[in-house]
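Novice: here you go, sequence then predicted model.
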Amino acid sequence: MNMQDKKISQRLQDKVNRELVRGEHITWVDKPVPQFFTTRSTSYFVFAIPWTVFSVSFMFHKMDYKLPDFNNIDIDSLGSLLFSLLFVLIGISMLFNPIVEFMKTSNTIYIITNKRAIAFDGKGLIKSYYPHQLSNIYRKDKSNGLGDILLGKRIWRDSEGDEHSEDTGFLNIKNPLKIERMLTELANVG
């Protein structure tokens with residue numbers, strides 16, 4: 001299977017080749033179809049609009065709607081300005097979330113080998129699914145012909161102790177039925 005056909009960067013190809021073990025060969029490789037506005041990135045973006053507008057308004061209100069005079073600024077005014085600027089920057093980062101998510105998919109690759117399924121996500125996480133782990137495969141078809149092959153869930157707690165989860169597997173791929181069948185065959189081999 002030639003990864004060049006899928007326009008996979010040399011850096012990512014090298015990462016894949018280092019991951020493969022002796023006797024393991026690729027039977028399928030593809031990348032997710034990138035999308036700017038996923039459910040997750042859209043929620044960040046929509047939340048970021050009022051957040052950023054409020055933060056900018058608050059910052060200008062604290063500065064009495066004029067540019068600060070840094071030659072004669074007192075420590076309280078500087079602290080207030082920096083504190084409100086922090087909230088503006090948080091809002092701007094949330095506004096850029098769809099672009100970040102889009103770029104992350106360009107570094108994501110999904111592979112099926114003769115021994116396992118592997119997901120290389122855009123954040124540097126490599127997740128292998130061995131045949132015995134492929135017993136609960138779920139497929140979500142989308143109206144645009146794409147789909148998700150769900151192989152598990154990642155569960156974590158945030159700093160406040162709240163539990164969060166996200167689906168893991170091969171997300172936003174072409175031909176999800178074909179990929180589901182390939183994974184089912186791999187599961188039956190193991």
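Specialist: On my side now, so go ahead. All of these numbers come straight from a predicted model, not from anything done at the bench. Numbers count the residues shown, from 1 in each chain.
Novice: which residues touch D162?
Specialist: Not one residue lies near D162 by C-beta atoms under 8 Å, 6 or more residues apart in numbering. Bear in mind the C-beta positions are built from the backbone N, C-alpha and C, glycine included.
Novice: quick check: it vs G152, distance?
Specialist: Relative to G152, D162 is positioned 20 Å away (C-beta to C-beta, to the nearest Å).
Novice: for N172, same thing?
Specialist: 16 Å.
Novice: ok, those two, which is more surrounded?
Specialist: In this view N172 and G152 are compared by other C-beta atoms under 10 Å, and N172 has more residues nearby, 20 against 17.
Novice: the helix or strand containing the more buried one: how far from the chain's middle?
Specialist: In this assignment (DSSP states H and E), N172 forms part of strand 163-173. In this view, strand 163-173 has its centroid 9 Å away from the chain centroid, taken as C-alpha atoms, centre = their mean, to the nearest Å.
Novice: buried residues in the helix or strand following it?
Specialist: Going down the chain from strand 163-173, the next helix or strand is helix 176-189, by DSSP H and E. Neighbour-count burial for helix 176-189 flags P176, I179, E180, M182, L183, L186, A187 (criterion: 16 or more other C-beta atoms under 10 Å).
Novice: ditto for stretch 151-162
Specialist: L151, G152.
Novice: pull the distance from it to the chain's centre.
Specialist: 15 Å.
Novice: what does stretch 180-190 give?
Specialist: For stretch 180-190, the distance to the chain centre is 26 Å (C-alpha atoms, centre = their mean).
Novice: ok, residues contacting that stretch?
Specialist: In contact with stretch 180-190 (C-beta under 8 Å, 6+ apart) are residues 27-28, 112, 114, 116-117, 129-132, 134-135, 137, 139, 149, 151.
Novice: from the residues you listed, list the buried ones, please.
Specialist: By neighbour count, with 16+ other C-beta under 10 Å, the contacts of stretch 180-190 hold W28, I112, R116, A117, Y129, P131, L134, I137, R139, I149, L151 as buried.
Novice: what is the helix or strand of the chain with the lowest mean pLDDT packed up against?
Specialist: The helix or strand of the chain with the poorest confidence is helix 97-106; it has a mean of 78 (mean pLDDT, DSSP states H and E). Using 3 or more C-beta pairs under 8 Å, 6 or more residues apart in numbering; DSSP states H and E as the contact criterion, the elements in contact with helix 97-106 are helix 39-62.
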